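Colleague: Sharing a sequence plus its predicted fold:
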Amino acid sequence: MINKIKQSINQAGSLIKEQASAFGEAARQKGDSILNDWISILPKLKEHGLDTTFFAVSVSINPTLDVELQGEAKKFNIEYIEQILKEAKGNTPLKIVFNSIKTALQLYKRTDFEPLNPLIVRLKVRLSPEVRVSYGEQLME
């Protein structure tokens with residue numbers, strides 16, 4: 001009787017390990033797919049005037065892509081951004097980046113300050129991406 005209980009526990013443990021492994025593999029594949037979607041837009045961002053100045057990848061349960069791009073702030077006016085957004089139909093990562101730049105520009109214009117150089121775009125992509133847009137270089141982080 002005790003042997004049957006031990007055997008049942010061992011079988012249940014093996015089944016749980018297999019399911020956890022399958023779940024981990026599915027999560028890894030999803031993470032890889034998301035990172036690849038974002039990596040694929042980097043050449044487009046360069047075409048539009050954003051040069052990559054930093055690139056890092058963290059591999060873990062939740063893989064992370066960390067990219068910093070810089071461009072000439074005056075180039076990214078509302079008309080230019082709107083044109084890019086029209087061309088970006090169906091490209092969600094590209095639309096997220098340029099909608100973030102557009103929002104930052106609209107908010108920054110309310111300050112009545114001249115745009116600071118450089119325009120910096122930081123991408124932090126995990127299972128959910130984060131896009132940070134700034135004007136000028138941050139002295140302390």
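Modeller: The structure has been received and is ready for your questions.
Colleague: The residue nearest the centre of the chain and L85, how far apart?
Modeller: Nearest to the mean C-alpha position of the chain, by C-alpha atoms, centre = their mean, lies V125 at 2.6 Å. When C-beta to C-beta, to the nearest Å is applied, the distance between V125 and L85 equals 20 Å. C-betas here are computed from N, CA, C, even on glycine.
Colleague: just G71 next, same as before
Modeller: From G71 to L85 the distance is 16 Å (C-beta to C-beta).
Colleague: try K46
Modeller: K46 is 18 Å from L85, where distance means C-beta to C-beta.
Colleague: So for these two, which sits in the more crowded spot?
Modeller: Taking other C-beta atoms under 10 Å, K46 and L85 do not tie; L85 has more neighbours (17 against 13).
Colleague: low-scoring stretches of the protein, by residue?
Modeller: Applying pLDDT under 70 to the chain flags residues 1, 4-6, 8-29, 31, 139-141.
Colleague: which residue ranges form the strands in it?
Modeller: Along the chain, counting by DSSP state E, strands occupy 51-58, 64-71, 119-125, 130-135.
Colleague: JSON lines please, covering those strands and showing distance to Q106.
Modeller: Converted to JSON lines, the strands of the chain look like this (distance: least, C-beta to C-beta, whole Å):
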{"stretch": "strand 51-58", "distance to Q106": "24"}
{"stretch": "strand 64-71", "distance to Q106": "17"}
{"stretch": "strand 119-125", "distance to Q106": "14"}
{"stretch": "strand 130-135", "distance to Q106": "11"}
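Colleague: most neighbours per residue, which of those strands?
Modeller: strand 119-125 (a mean of 21; mean count of other C-beta atoms under 10 Å).
Colleague: name the helices or strands packed onto that one?
Modeller: Using 3 or more C-beta pairs under 8 Å, 6 or more residues apart in numbering; DSSP states H and E, the elements in contact with strand 119-125 are helix 2-39, strand 64-71, helix 92-109, strand 130-135.
Colleague: Now the third one: buried residues?
Modeller: The neighbour-count check on helix 92-109 (16 or more other C-beta atoms under 10 Å) flags P93, L94, I96, V97, F98, S100, I101, K102, A104, L105, Y108 as buried.
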